[in-house]
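Chemist: After the sequence you'll find the predicted model.
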Amino acid sequence: MISAADPAPGRTLLRVGWVLLGAAVLLALAVAVLVLGPGLALTQRAAIGTTLDVDVPAGRDWAVYTSLRTWRAAGCQVWDADGREIVLRPDITQQRVIGRPTWYPQGSFRLDRGQSLTVRCEGPPGQFAVGRSVGLGHLLLTLGVGLVGALVALAGLILVIVAAARGGRRSGAGQAGS
């Protein structure tokens, strides 16, 4: 049994609080990767009015993004390796991608097999790129990880404060008794 005079519970609280704060920092880094990762992945870009050839793996949703803020401000077309047009579907759950510049979705598509695509966008001056579609699921994941991180940080901070207050009270009581 642990007595009230035993300093171990205070140390344990302090240790757990610091571990939780460390976990919160890791979760904050995960949120940063979720927010900035898709924009950093858009490495192949082209000026609107030109053509871009990209290799795209199968099995996930892809999107065409432009630096133009207005949805469908640029007319974008995608063709597969055989020259057939891939129709861009309007996807209202797509999210803009944060980066330099910020990328705005123009439409998305899904491929049954990986292949080389040719993409062309026409419209006002700007840039376009092809990348993974960032939709509502990605947004919810980012918000969920951020919320869990905030709760873990709050719990860790409370434990550190409680442990520090208990330690201060004990050291003050120990000094008064001497």
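Modeler: Sure thing, it's come through.

Chemist: could you give the mean pLDDT of the helix or strand encompassing Val145?
Modeler: In the assignment (DSSP states H and E), Val145 maps to helix 136-176. Rounded to a whole number, the mean pLDDT of helix 136-176 is 84.

Chemist: What is the helix or strand hosting Thr12 packed up against?
Modeler: Taking DSSP H and E as the criterion, Thr12 maps to helix 8-40. Secondary-structure packing of helix 8-40 (3 or more C-beta pairs under 8 Å, 6 or more residues apart in numbering; DSSP states H and E): helix 136-176. Every residue, glycine included, has its C-beta placed from N, CA and C.

Chemist: How is the protein partitioned into domains?
Modeler: Domain ranges of the chain: 8-37+139-171, 44-133, per automatic domain parsing.

Chemist: tell me the most buried of those domains?
Modeler: domain 44-133 (a mean of 17; mean count of other C-beta atoms under 10 Å).

Chemist: residues touching Arg120, list them.
Modeler: For Arg120, the contact set (C-beta atoms under 8 Å, 6 or more residues apart in numbering) comprises Thr50, Thr51, Leu52, Cys76, Gln77.

Chemist: In a markdown table: these, plus distance to Leu34, secondary structure and pLDDT.
Modeler: Listed next are those as a markdown table, based on distance: C-beta to C-beta, whole Å; DSSP: H, G, I helix; E, B strand; the rest coil; pLDDT from 0 to 100:
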| residue | distance to Leu34 | secondary structure | pLDDT |
| --- | --- | --- | --- |
| Thr50 | 31 | strand | 93 |
| Thr51 | 31 | strand | 94 |
| Leu52 | 26 | strand | 93 |
| Cys76 | 26 | strand | 91 |
| Gln77 | 30 | strand | 94 |
